[in-house]
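> Please find the sequence and the predicted model below.
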Amino acid sequence: MYDPLNVGDILSDELVQRRESGYDVSAVEEMVREALDTSSPTEIERAQVALEATELRGDWPYVEPTALEEIRASLPPTPELPPLRLDDDSLLDRLLGAWLGRCAGCNLGKPVEGWTRDRIRRYLELADAYPIVDYFPVIDPFPDDLRLNWCWPDTTRGNISSMARDDDIDYTILGLHVLEEHGPGFGPMDVAAEWVDHLPFTQIYTAERAAYRNLVGGMVAPETASYRNPYREWIGAQIRADMWGYVRPGDPARAVHLAYQDASLSHTQNGIYGELWAAALIAVSFVEDDARRALEASLAFVPPRSRLAEAIGDVLRWHADGLDWEQARDAIEDRYYASYSFVHTVNNAALVSAAVLWGDRDFAKTIGYAVQGGWDTDCTGATAGSIFGAMHGADALPAQWIQPLNDLVRSSIMGFDRSRLSDLAARSLRLIRG
């Protein structure tokens, strides 16, 4: 499933990706189905080539560029923001809050990653733990259809001794290393070198795995993002955004520039926009303590006629219209989930936006809503927690979420396993001041 090393998965998933992004695939759908039925490599390749030759529908209402210059040309004026007025101690508290919030939200979401919100609610209600106010408790024995994911011994209430290893956190750490090794002038192929040197292939998924495969085959960016990569608009780039916001506090335009260098290695269009948006939102959160104003400012860095801009705009409108959390989550489901995978950028970004808005200065609600919403729960919990921590600082994070982490993070990034979160925050500060 979703395997970029499997030609059948690539073909079937590319059909979905093309349809979602406005291409007229009607003339090749039967060819694709027949090729998949036969499992013939020759027929699959023939269908793949035909699918890649399809064209954008004439009635497609969105304008979604991939090139940086075209993205910039589509954007409205950069919003005016309050100046950054944090001394080093205060800035370090915000950075530590962002790292800790990201880890707590990620750890919360790991045992139910990929679950629907209904399934999550059923589990929590059986455990007398709905709504979320702490990490998931363990039901012993698990109900047959509600067994937590394999990582539960390290990510559930009473069992946490560190931030468990997760790709969401690996990418944040790798972003730190990219900046330490290459400086802020890095480009996509510098990121590629870091991947090949420090990131195990078996610990990455979907779009990143496809891009890594392309790198090993001798390709360079941006071809690495587009060639036989049907996951190029999924959430993988968005989860790599945080470091660029951390090191450009109050300066979303520069955060977005860094984010693009990273995202364009593996993603196109809305996949890129997800990383630009998240980096901008985190950068804004260092100078804006109102979630709505921060979200509105972040939208200035997303092409306004894109599906991602539409989704986040919808969430802002529903919030202004007075919908409660459950109504908003219903609206996201109805409007976006029927169209997209549970790991797509658009629906998950909408869910993060809603969690930040309806969470409103309450950490447990913010990461709880992100995870209770279902889909890619470790990713949404991590991003929501990162935004909250950057906005409010480590001192604002309740102890029951932070103490179990023991200031320790596991990682598959070479040289970073068992890092101290406080050290990672201090290194982030040095990048800002250095």
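Perfect, I can see it now.

> Spell out the secondary structure type for Asp3.
coil (DSSP: H, G, I helix; E, B strand; the rest coil).

> And it, how far from Arg46?
Counting by C-beta to C-beta, to the nearest Å, the separation of Asp3 from Arg46 is 20 Å. C-betas here are computed from N, CA, C, even on glycine.

> List the contacts of Leu15.
Val25, Val28, Glu29, Val32, Leu51 (C-beta atoms under 8 Å, 6 or more residues apart in numbering).

> Now for the third one: which residues touch it?
Put plainly, it is Glu29. Contact analysis of Glu29 by C-beta under 8 Å, 6+ apart lists Leu15.

> show me where the stretch 51-200 of the chain has helices.
All helices of the stretch 51-200 of the chain, identified by DSSP state H, counting those that start in this stretch, fall at 68-74, 88-109, 117-126, 152-155, 167-182, 188-198.

> Figure out which of the ones you listed is closest to Pro252.
helix 68-74 (13.0 Å; C-beta to C-beta).

> helices or strands up against that closest one?
Helix 68-74 is packed against helix 269-285, with contacts defined by 3 or more C-beta pairs under 8 Å, 6 or more residues apart in numbering; DSSP states H and E.

> List buried members of the contacts of Leu15 by neighbour count.
Neighbour counting by 16 or more other C-beta atoms under 10 Å classes Val25, Val28, Val32, Leu51 among the contacts of Leu15 as buried.

> Can you pick out the most distant pair from those?
Val25 and Val32 (7.9 Å).

> shared neighbours, those two?
When contacts are counted by C-beta under 8 Å, 6+ apart, Val25 and Val32 are jointly contacted by Leu15, Leu51.

> tell me the most buried of the helices of the stretch 51-200 of the chain?
Ranked by average neighbour count under the criterion mean count of other C-beta atoms under 10 Å, the helices of the stretch 51-200 of the chain are headed by helix 88-109 at a mean of 26.

> now the angle from that helix to helix 167-182?
Between helix 88-109 and helix 167-182, the angle comes out at 140 degrees (axes from the mean of the first three to the mean of the last three C-alpha atoms, to 10 degrees).

> Show me where the stretch 301-434 of the chain has its helices.
All helices of the stretch 301-434 of the chain, identified by DSSP H, counting those that start in this stretch, fall at 307-320, 325-332, 345-359, 363-372, 377-392, 399-402, 421-433.

> re the thing from before, sitting in helices, which of the contacts of Leu15 do you find?
Within the contacts of Leu15, residues falling in helices by DSSP state H are Glu29, Val32, Leu51.

> Pro79: which of those is nearest?
When those are compared against Pro79 (criterion: C-beta to C-beta), the nearest one is Leu51, at 39.9 Å.

> Quick check: the closest one touching Val25?
Yes - between Leu51 and Val25 there is a contact under C-beta atoms under 8 Å: 6.7 Å.

> anything in contact with each of these two?
Leu15, Arg18, Val32.

> what inclination does the one helix or strand the first one maps to have with respect to helix 307-320?
It refers to Leu15. Here Leu15 sits within helix 7-20, counting by DSSP states H and E. Counting by the same axes, to 10 degrees, helix 7-20 lies at 60 degrees to helix 307-320.

> List the buried residues in helix 7-20.
Val7, Asp9, Ile10, Leu11, Ser12, Asp13, Glu14, Leu15, Gln17, Arg18, Arg19, Glu20.

> Same check on stretch 346-362?
Of all the residues in stretch 346-362, those buried under the rule 16+ other C-beta under 10 Å are 346-359.

> any chance of the residues you listed in TSV, plus distance to Ser419 and pLDDT?
Converted to TSV, the buried residues of stretch 346-362 look like this (distance: C-beta to C-beta, whole Å; pLDDT from 0 to 100):
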residue	distance to Ser419	pLDDT
Val346	32	97
Asn347	32	97
Asn348	26	97
Ala349	28	98
Ala350	32	98
Leu351	29	98
Val352	25	98
Ser353	30	98
Ala354	31	98
Ala355	27	98
Val356	27	98
Leu357	32	98
Trp358	32	98
Gly359	28	98
